[in-house]
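> Return atomic coordinates for the entry below.
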Amino acid sequence: MSIKRRTRVREALTSCEVAKEITVMGWVRTRRGSKKIAFIALNDGSTLNNIQIVADVPAFHEDLLKQVTTGACISVTGTLTQSAGSGQSVEIQAKSIKLHGPADPVTYPLQKKGHSLEFLREIAHLRPRTNTFGAILRLRHAMSYSIHKYFNDNGFYYLHTPIITGSDAEGAGEMFRVTTLDIMNPPKTEDGRINYREDFFGKETNLTVSGQLEGEIGALALSDVYTFGPTFRAENSNTPRHLAEFWMIEPEMAFYDIHDNMDLAEDFLKYLINYALEHCVEDLRFLNDMYDKELLSRLNSVTDSDFVRITYTEAIDILNSSGMKFEFPTQWGADLQSEHERYLVEKHYKNPVIITGYPKAIKAFYMKQNDDGTTVRAMDVLFPRIGEIVGGSQREENLQALENRIKEIGIPREELWWYLDTRRFGSAPHSGFGLGFERMMLFITGMSNIRDVIPFPRTPNHAEF
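Coordinates of the predicted model:
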């Protein structure tokens, strides 16, 4: 049984069935013509390209055609024919036109002219109708699908980790609180603190910063799992690289060591890029031509290269001997900044780089310590233009070592009793990593601001739409 009610513009443009009557629906991009004939460019979001509608003006009511302006939503039934003009192989000779929703040509903000990305962020409710954001959103869909396909095809199970959580996986403390308490008059304890025992969950809860800890629970039962969902950081950063709400892909694998982890991350990233190159070439070519002339060559270069693997100590040595004057110092023990990461990738190696063996003092409590007692089996994957795109580690599976580390950095043990139980009962070596989806989308699209690769960006002082 078919539920198809219309022909998508993408299908019509690639159809070989000329002389066939079809119905297309979409939004008018432009309308031009004369008193006798009108040419309407129609797009429904299924493709970058418009389909041309040819309307015999005398055959339609004058009041109807006056409302067929840029931004209006219409449906057209007509005959698909070979196009006599250049730029398209087929067009539609209109027999009937129905107006679904007019758009005032005076106030509609997306007229036929160039618009800055800054302006389009102010009208995020309309920017999906532009070529740029249509391409980005189609790519975002394709990348989402390819992520699920990769893990499914490789035997992983999709685990839904909680969005509301009582734990801070990263220990950063920059979390959005979830509460039903009266913020003007919250209940207090005897010592004057807010009494979260009277809150909805009976304890202090927040929006998650990561699904990793719960992902480990899944891996220590199902072996190979992944999460793909929204995460939140209450970090007051107004930069082109930060969002308060973003999406994370986090696989967790039992019986993987740090080397297995690096192998998976490299294979996964190359798969995603190859998928985009194979299935989204039209949109990628548009973004390459309009925004980043090196986009396609850079995507191909990553898939064709072997990622360089070095230690943190080697990275510091390279940076210190580079002769470069960095804004941030590069002594051993300091975290690497974006400028350091991009130097290693873009200048020194000219290849993606994976760095391992970071100082334990700058990494999270759950990372497995190396035998030297000062470094951990962490890994960061660095990409050109992006810097760190993946962060991960081999997790500490030894109960005593994990308890010692928790005590050392002052995490209340009672908050992680359930996490410690996974090491108490049938612990196993395991590893995982996190890929920020929007960081990946920056690389795939060549865009320079992370606000332009998510439909509705959430940043400090901005929660519109």
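> Where does pLDDT dip in the stretch 251-400 of the chain?
The model of the stretch 251-400 of the chain has no residue with pLDDT under 70.
> Okay, helices next: where are they in it?
258-279, 281-290, 295-303, 312-320, 338-342, 399-409 (DSSP state H, counting those that start in this stretch).
> Tell me the helices and strands packed up against the last one.
Read that as helix 399-409. helix 417-424 (3 or more Cβ pairs under 8 Å, 6 or more residues apart in numbering; DSSP states H and E). Glycine gets a C-beta too; all of them are placed from N, C-alpha and C.
> Report the backbone C-alpha coordinates of the helix it packs on in PDB.
C-alpha atoms of helix 417-424 as PDB (Å, rounded to 0.1, in the frame of the first residue of the first chain):
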ATOM      1  CA  TRP A 417      28.400   3.800  45.100                       C
ATOM      2  CA  TRP A 418      26.600   2.200  42.100                       C
ATOM      3  CA  TYR A 419      29.600   3.000  39.800                       C
ATOM      4  CA  LEU A 420      32.000   1.400  42.300                       C
ATOM      5  CA  ASP A 421      29.700  -1.700  42.300                       C
ATOM      6  CA  THR A 422      30.500  -2.300  38.600                       C
ATOM      7  CA  ARG A 423      34.200  -2.800  39.700                       C
ATOM      8  CA  ARG A 424      33.200  -4.800  42.800                       C
END
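> Contacts for it next, please.
167, 213, 216-217, 220, 396-399, 402-403, 413 (Cβ atoms under 8 Å, 6 or more residues apart in numbering).
> could the helices of the stretch 251-400 of the chain go into a markdown table alongside distance to G434 and mean neighbour count?
Output for the helices of the stretch 251-400 of the chain, formatted as a markdown table (distance: least, Cβ to Cβ, whole Å; neighbours: other Cβ atoms under 10 Å):
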| stretch | distance to G434 | mean neighbour count |
| --- | --- | --- |
| helix 258-279 | 10 | 18 |
| helix 281-290 | 25 | 17 |
| helix 295-303 | 19 | 16 |
| helix 312-320 | 18 | 18 |
| helix 338-342 | 16 | 19 |
| helix 399-409 | 19 | 15 |
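> Next, the distance between the ends of stretch 88-108.
Using Cα to Cα, to the nearest Å, one end of stretch 88-108 lies 27 Å from the other.
> List the buried residues in that stretch.
Neighbour counts over stretch 88-108 (16 or more other Cβ atoms under 10 Å) mark 90-92, 94, 97, 102-103 as buried.
> From those residues, pick the one nearest T227.
A103 (40.5 Å; Cβ to Cβ).
> Identify the residues contacting that closest one.
28, 69-73.
> Now G71: closest residue in space that isn't a chain neighbour?
A103 (3.1 Å; Cβ to Cβ, 6 or more residues apart in numbering).
> Apologies, that question was intended for T231.
According to Cβ to Cβ, 6+ apart, the nearest residue to T231 is M248 (4.7 Å).
> could I have stretch 8-15 exported to CSV, CA atoms only?
In CSV, the C-alpha atoms belonging to stretch 8-15 read as follows (Å, rounded to 0.1, in the frame of the first residue of the first chain):
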residue,chain,number,x,y,z
ARG,A,8,9.4,15.2,-3.8
VAL,A,9,11.4,17.8,-5.8
ARG,A,10,14.5,15.6,-5.6
GLU,A,11,12.6,12.7,-7.2
ALA,A,12,11.0,14.9,-9.9
LEU,A,13,14.4,16.3,-10.9
THR,A,14,15.9,12.8,-11.4
SER,A,15,12.8,11.3,-13.0
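> Give me the distance between it and the centre of its chain.
Its chain's C-alpha centre and that of stretch 8-15 lie 28 Å apart, by Cα atoms, centre = their mean, to the nearest Å.
> For the remainder of this discussion, apply numbering that starts at 128.
Done: numbering now begins at 128, and the last item shifts to stretch 135-142.
> For it, list every residue counted as buried.
135-137, 139-140.
> which residues are contacting stretch 265-280?
172, 285, 353, 355, 376, 378, 395, 398-399, 402-403, 406-407, 410-411, 564, 567-568, 571-572, 580-582.
> Could you rerun that using 7 Å?
285, 353, 355, 376, 378, 395, 398-399, 402-403, 406-407, 410, 567-568, 571-572, 580 (Cβ atoms under 7 Å, 6 or more residues apart in numbering).
> sorry, back to before: of the buried residues of stretch 215-235, which pair is most distant in space?
V217 and P229 (27.1 Å).
> Could you find the closest non-adjacent residue to the residue of the chain most remote from its centre?
Largest separation from the mean C-alpha position in the chain: P185, at 48.7 Å (Cα atoms, centre = their mean). Nearest non-adjacent residue to P185, counting by Cβ to Cβ, 6+ apart: K163, 7.1 Å away.
> Just the buried positions in whichever strand or helix holds G205, please.
G205 belongs to strand 200-209 when assigned by DSSP states H and E. By 16+ other Cβ under 10 Å, the buried positions in strand 200-209 come out as 200-205, 207.
> what's the closest of those to E189?
The closest of the buried residues of strand 200-209, once distances to E189 are taken by Cβ to Cβ, is I201, at 15.7 Å.
> Low-confidence ranges, the stretch 228-377 of the chain, go.
Looking at the stretch 228-377 of the chain by pLDDT under 70, you get 296-300.
> Do you have the helices of it handy? List them.
With DSSP H, counting those that start in this stretch as the criterion, the stretch 228-377 of the chain has helices spanning 244-249, 258-280, 339-349.
> chain center to the longest one, what's the gap?
Think helix 258-280. 9 Å.
> how big is the angle separating that helix from helix 408-417?
Angle, helix 258-280 to helix 408-417, by axes from the mean of the first three to the mean of the last three Cα atoms, to 10 degrees: 130 degrees.
> Show me which residues of helix 258-280 are buried.
Applying 16+ other Cβ under 10 Å to helix 258-280 flags 258-267, 269-270, 273-274, 277-278 as buried.
> next one: stretch 376-386
376-381, 383, 385.
> Same list (the residues you listed) but as JSON lines, adding distance to N427.
Shown next, in JSON lines, are these (distance: Cβ to Cβ, whole Å):
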{"residue": "I376", "distance to N427": "22"}
{"residue": "E377", "distance to N427": "27"}
{"residue": "P378", "distance to N427": "25"}
{"residue": "E379", "distance to N427": "31"}
{"residue": "M380", "distance to N427": "29"}
{"residue": "A381", "distance to N427": "34"}
{"residue": "Y383", "distance to N427": "29"}
{"residue": "I385", "distance to N427": "28"}
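> gap between the residue nearest to G198 and Q339?
46 Å (Cβ to Cβ, to the nearest Å).
> what do you get for L543?
13 Å.
> overlap in contacts of the two?
Residues touching both L543 and Q339 (Cβ under 7 Å, 6+ apart): there are none.
> per-residue pLDDT, R540?
pLDDT, R540: 87.
> Tell me if I'm right that it and I533 touch.
Yes: using Cβ atoms under 7 Å, R540 makes contact with I533 at a distance of 6.0 Å.
> can you give me the offset of the strand holding G205 from its chain's centre?
That offset, for strand 200-209, works out to 35 Å (Cα atoms, centre = their mean).
> Other residues contacting that strand?
139, 142, 144-152, 154-155, 169, 180, 195, 216-228.
> I'd like the distance between the spatially closest residue to L264 that is not a sequence neighbour and D579.
Residue nearest to L264 in three dimensions, not counting chain neighbours: P255, with 5.8 Å by Cβ to Cβ, 6+ apart. Counting by Cβ to Cβ, the gap from P255 to D579 is 12 Å.
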